[in-house]
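**Q** Quick one, what's the 3D model for this:
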Amino acid sequence: MDTLTVIIETPKNSRVKFDYDVQLQCFKLKKILPAGMVFPFDFGYIPGTKGADGDPLDVIAIAEFGTFTGCAIDCRIIGAILAEQKEKGKEKIRNDRYFAIPLQSEIFKHVHEPGQLPKELVDQLQEFFINYNKAAQKDFKVLSIIGSKKANSLIKKAGTTVNT
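**A** Down below sits the predicted model:
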């Protein structure tokens, strides 16, 4: 089982989006989501990686609990949403969202691939990211859902070592 540490920026059920500010070395308020829209699970990044947008790779930690901004969680990567994102006046870029299961999760401890999650949950996560980007005037197009092996390979190529 491959594991890695994820850093949480925005907690589950939060309307407030935070980003880590490298210069300030702390988390900074980025934006507030529209009324009624909240992050369905903890959302953060994989340290030591760099995506096409220049930021660390995005990850959503699927668990029955939420944590807090700045929390480090050991997780296993079970897959990802491969996606293209486009801001007005800019070129399309890849901006994938990785699915992680915290090692402490009891409810999701037997999930090792996206196909083991309820289909409705995967559909809802895709819709969340589409709507989240739409609210920011960005187009987010889901290309496909990939499994753990390919996701872990992409993470390794993005610059970090997955712990085993």
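**Q** Helix or strand next in line after the longest helix along the chain, which one?
**A** For the chain, the helix reaching the highest residue count under DSSP state H is reported as helix 119-135. Tracing the chain C-terminally past helix 119-135 and defining elements by DSSP states H and E, one meets strand 138-147 next.
**Q** before we move on, the earlier item: state the mean pLDDT of the longest helix of the chain.
**A** Helix 119-135 shows an average pLDDT of 95 in the prediction.
**Q** Which of the residues in it are classified as buried?
**A** Of the residues in helix 119-135, Val122, Leu125, Gln126, Phe128, Phe129, Ile130, Tyr132, Asn133 count as buried by neighbour count, 16 or more other Cβ atoms under 10 Å. Using the backbone N, CA and C atoms, a C-beta is placed for each residue, glycine as well.
**Q** looking at the sheet around the residue nearest the centre of the chain, what are its partners?
**A** Nearest to the geometric centre of the chain sits Val59, at 2.1 Å (Cα atoms, centre = their mean). Beta-bridge partners of Val59, counted by DSSP bridges, are Gly44, Tyr98.
**Q** got a list of what it touches?
**A** Val6, Phe43, Gly44, Tyr45, Ile46, Cys75, Ile77, Arg97, Tyr98, Phe99, Ala100 (Cβ atoms under 8 Å, 6 or more residues apart in numbering).
**Q** so the first one, which of the three states?
**A** The one in question is Val6. Here Val6 takes the strand state, with states given by DSSP: H, G, I helix; E, B strand; the rest coil.
**Q** From what I see, it and Ala100 are in contact.
**A** Yes: using Cβ atoms under 8 Å, Val6 is in contact with Ala100, at 5.4 Å.
**Q** can you list residues touching both of the two?
**A** Once Cβ under 8 Å, 6+ apart is applied, the residues that Val6 and Ala100 both contact turn out to be Val59, Ala61, Ile73, Cys75.
**Q** Ignoring the adjacent residues along the chain, who's closest to the last one?
**A** It stands for Cys75. Excluding its sequence neighbours, the residue lying closest to Cys75 (Cβ to Cβ, 6 or more residues apart in numbering) is Ala100, at 3.7 Å.
**Q** in the chain, which segments are predicted with low confidence?
**A** By pLDDT under 70, the weakly predicted segments of the chain are 1, 160-164.
**Q** switch the cut-off to 90
**A** Under the criterion pLDDT under 90, the flagged ranges of the chain are 1-3, 52-54, 87-91, 136, 158-164.
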